[in-house]
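S.K.: This is a predicted model, with the sequence first.
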Amino acid sequence: MRWGKIPMPELFVAMFREEWRMHSTVFGSLGFALFPVLVSAITFMGSAMIPYLEAVIPGGTLSLVVHLQFLLLGVMVGGFGLLGQEVMNRRFGQASLLAYSSRSLPISDRRIFATFVAKDTIYYFLLWVLPFIAGVAFGIPLSGLPLSFVGLITVTLTLSFLFGLSLVFLLSMLYAKSPVLLALVLSGVILIAAVIVWLQIAGTVYLFPPYALYRDFSPLVFLYAVLAIALPFSVSISGMTLSFSAKENRYPDRYGEIAGRLAWLPAAPLVAKDILDLWRSGAFVGQVLFSFLFPLAVIWVSLSVLSAVLPDVQILFSFAAVAGVIAATMYTWLTEFDSVGTYTFLPLGTPDLIQSKFTSFSVLQAILVLTMAVTAILSGYAREAFPAVVLAVSVSFYACSVMIYLTGLWPAVMVYNARVLLSSLLMIGPVLLVFIWLSLLDSRFACSAVLLALPAYLLVRASLRRWASWEKVFF
Amino acid sequence: MNAVIEAEGLTRYYGDLAAVDNVSLSVEAGSLFGLLGPNGSGKTTMIRMLTGQVRPSSGMATVLGVDVVKDPVLARVKVGIIPEQETPPSFLTASEYLDFVARIRKIEGAGEKARWWFEFLDFADKKDVLCKDLSRGTRQKLMFAQAFLHRPVLALIDEPLINFDPVMQKTVKEYLREYVRDGGTIFLSTHILEVAEEICSDVAILHRGQIVHSGPVAEILARKEKLSEFFLNAVGKDTYA
């Protein structure tokens, strides 16, 4: 046996098993196994509505939106843990995963990392993409879609997911190397795309290869879509650096100054630590780019294609509400890059930590306020900026409070519990619809979303009691 | 003498496994108490229960008169803790971390105290290095400093010497002895028997979650028996066969 060649399948299987155990340890095998079943059930119900939706939204628009959502899913899955060396260190180091321990084995870092990426891709494909397609397939008697259509979207939606994954993987690898390099490459890609569209060398649709394949299912376009995914993947894996430097990073003391300035906030010492943690780890810029702005750009494009059926101002308010939900995931930035073990021997309880993370989350909402205000102004609705910001921020605080109530300090793992997912959908979905509908009646009504502060407050208060005695039982 | 730690029927299950099984013990003020045991015997779980980091499945424990099940945070206010595995936060410098702990514990004059610890444990040159870039030994020094920064009357320390070089081990052992002479109490968990024999006044031997011996070290040594031999007899030589 040649070391470095053989162990890949074994490592893959072991990593796969590890990921399953990590999730199933928390809520039991059944609770976790029900997660894809729930995704299927939701898609099944959604596909039953296709005939009604097609009466309002053109079929082409609907399919583009669905493909963009799978692109977004790939972006969100890929963004996790791929934001540079420090984050890799935290992800692998603290969790003591095989990806870390196997580095003491005679296997190259690149091989381990390639296995890790392959595992993540297949694992989340089985968790999200496949159940979605299965739901559509089960819904055929109700939707009336041809069986061949299910075959088509199985290929194109899978490729959309992989395209999002490969893009964010490439961008985060470039970012880890140098933010300047990332900016240069992004500028270059945007320029080339603009030239292609401007000179009409190819249709805009070819900028999104999996959707181009959906529109024109031919061997040549299939090859183009596969290449568009394989290329970023290959470049990312070959460019990924996992060699951890032995350099001692030194910093002047900033903690005392920040904690002093934030003294008026509850849990200021912990909030100051969170701020330095996010900033010095490089996670802040990476997360803002890949977990917030990039997904929002995809959502904006998705909503823009609905302009045929929705007035522009309504797109702004729908965007504000969805941006609020995306911004709520900033809570996971604070909990994912932090080990609870750091605090357990200090005189702090879980409620103190939840409170401090919620305060840090509130500070981060400045990013949402800025993003929404700029979006409203740039889209020509400066007068609607205020209600749009109020709607986005209110939804964000409410969605975050739901997340805290359902998952405590462990949102990134607990979300894969079918019960948690269903509860989140039921607690957030109807609220979103109500406030989007209200803002449709009159944009000023969007300000009524501020009423969400009350349930948000009550949920956080209830969470402090609920999670006070919960014990961390895993990594 | 009065007891600073009292445990009665303390039990903790992980699934079907009783990591600690019906343990009762009492630690007197002013003692340097060693909890000994082979790997996996339940020492860390015991310390975690006594500091309210893990809830017992059954039984009760008080630390400095505080019920650790009912009020674990108050118990941790009063004591100093060095955990076995946990490390300081990666992206604070060593100096910032002690400032962080001082703010959490509301310690007056923490800056001066921190400077003393940097000098005493000989790592002042590392105070502006990020915790993640510190060597294991230096991290252990930092964890040691944070546990004693507020000068608690009781410290519970899990394998405190394991990452130290012989010179630093000597310094730390000397500090622990002096701390006890000044009226403090140490509850120390270790499987390094030489350390226990050298500095502990009392020991309890934990094996498969149960106490198999408890008493003063002097009693064992008076029988002309080394602590290591006594330990092997207590846990059964087959454990190490």
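M.R.: Perfect, thanks for sending it.

S.K.: which residues sit in contact with A:Leu438?
M.R.: A:Phe445, A:Ala446, A:Ser448 (CB atoms under 8 Å, 6 or more residues apart in numbering or on different chains). C-beta: built from backbone N, CA, C; applies to glycine.

S.K.: correct me, but the first one touches A:Ser439?
M.R.: So the one you mean is A:Phe445. Yes - counting by CB atoms under 8 Å, A:Phe445 does reach A:Ser439; the two are 5.7 Å apart.

S.K.: rewinding a little: just the contacts of A:Leu438 now: which is nearest A:Ser166?
M.R.: Checking the contacts of A:Leu438 against A:Ser166 with CB to CB, the nearest one is A:Ala446 at 36.8 Å.

S.K.: middle-most residue in the chain, spatially?
M.R.: I went with chain A, as the question did not name one. A:Met76 (2.9 Å; CA atoms, centre = their mean).

S.K.: ah, I was thinking of chain B
M.R.: Taking CA atoms, centre = their mean, the centroid of chain B lies closest to B:Ile157, which sits 1.4 Å from it.

S.K.: hey, where'd the helices end up in the stretch 301-450 of chain A?
M.R.: Here the stretch 301-450 of chain A has its helices, by DSSP state H, counting those that start in this stretch, at A:312-328, A:330-336, A:350-378, A:385-407, A:411-414, A:418-441.

S.K.: tell me the mean pLDDT for the shortest one?
M.R.: In this case it means helix A:411-414. Helix A:411-414 comes out with an average pLDDT of 75.

S.K.: Which positions in chain B make contact with chain A?
M.R.: Applying CB under 8 Å from any CB of the partner chain, one finds that chain B approaches chain A through B:51, B:53-55, B:72-74, B:76-77, B:81-83, B:85-93, B:95-96, B:99-101, B:103-105, B:126, B:128-130, B:132-134, B:147.

S.K.: In helices, which of these appear?
M.R.: When DSSP state H defines the helices, the subset of the residues of chain B next to chain A inside them is B:72-74, B:76-77, B:95-96, B:99-101, B:103-105, B:147.

S.K.: Out of the helices of the stretch 301-450 of chain A, which gets the lowest mean score?
M.R.: Looking at the helices of the stretch 301-450 of chain A, the bottom one is helix A:411-414 with a mean of 75.

S.K.: Send me it as PDB with only the CA atoms.
M.R.: Extracted in PDB, the C-alpha atoms of helix A:411-414 (Å, rounded to 0.1, in the frame of the first residue of the first chain):
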ATOM      1  CA  PRO A 411     -28.000  27.100  16.000                       C
ATOM      2  CA  ALA A 412     -25.700  25.700  13.400                       C
ATOM      3  CA  VAL A 413     -26.100  22.100  14.600                       C
ATOM      4  CA  MET A 414     -29.700  22.200  16.000                       C
END
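
S.K.: what comes up buried for that helix?
M.R.: Of the residues in helix A:411-414, A:Pro411, A:Val413, A:Met414 count as buried by neighbour count, 16 or more other CB atoms under 10 Å in any protein chain shown.

S.K.: and the helix or strand containing A:Arg465, is it in reach of chain B?
M.R.: Using DSSP states H and E, A:Arg465 sits within helix A:453-466. No - Helix A:453-466 stays clear of chain B (CB under 8 Å from any CB), getting no nearer than 12.8 Å.

S.K.: model confidence over that helix, on average?
M.R.: Per-residue scores along helix A:453-466 average to 95.

S.K.: Could you check the angle it makes with helix A:418-441?
M.R.: Taking axes from the mean of the first three to the mean of the last three CA atoms, to 10 degrees, one finds that helix A:453-466 is oriented at 170 degrees with respect to helix A:418-441.

S.K.: buried stuff in helix A:453-466?
M.R.: A:Pro455, A:Ala456, A:Leu459, A:Val460, A:Ser463, A:Leu464, A:Arg466.

S.K.: go on, stretch A:191-202?
M.R.: Under 16+ other CB under 10 Å, stretch A:191-202 has no buried positions.

S.K.: before we move on, the earlier item: out of the buried residues of helix A:411-414, which is nearest to chain B?
M.R.: For the buried residues of helix A:411-414, the minimum distance to chain B (CB to the nearest CB) is 18.7 Å, reached by A:Val413.

S.K.: quick one: least confident helix or strand in chain A?
M.R.: Least confident helix or strand, chain A: helix A:85-95 with a mean of 44, by mean pLDDT, DSSP states H and E.

S.K.: where does A:Ile112 land in three-state SS?
M.R.: Of the three states, A:Ile112 takes helix under DSSP: H, G, I helix; E, B strand; the rest coil.

S.K.: ok, now how distant is it from A:Glu10?
M.R.: 12 Å (CB to CB, to the nearest Å).

S.K.: neighbour-wise, which of these two wins?
M.R.: Shown here are A:Ile112 and A:Glu10; by other CB atoms under 10 Å in any protein chain shown, A:Ile112 has more neighbours (23 against 11).

S.K.: Out of the contacts of A:Leu438, give me the one that has the most neighbours.
M.R.: Highest count within the contacts of A:Leu438 by other CB under 10 Å belongs to A:Ala446, 28 neighbours.

S.K.: ranges for the strands of chain B?
M.R.: Along chain B, the stretches classed as strands by DSSP state E are B:3-14, B:17-28, B:32-36, B:58-63, B:66-67, B:79-82, B:154-158, B:185-190, B:202-207, B:210-216.

S.K.: No further questions, thank you.
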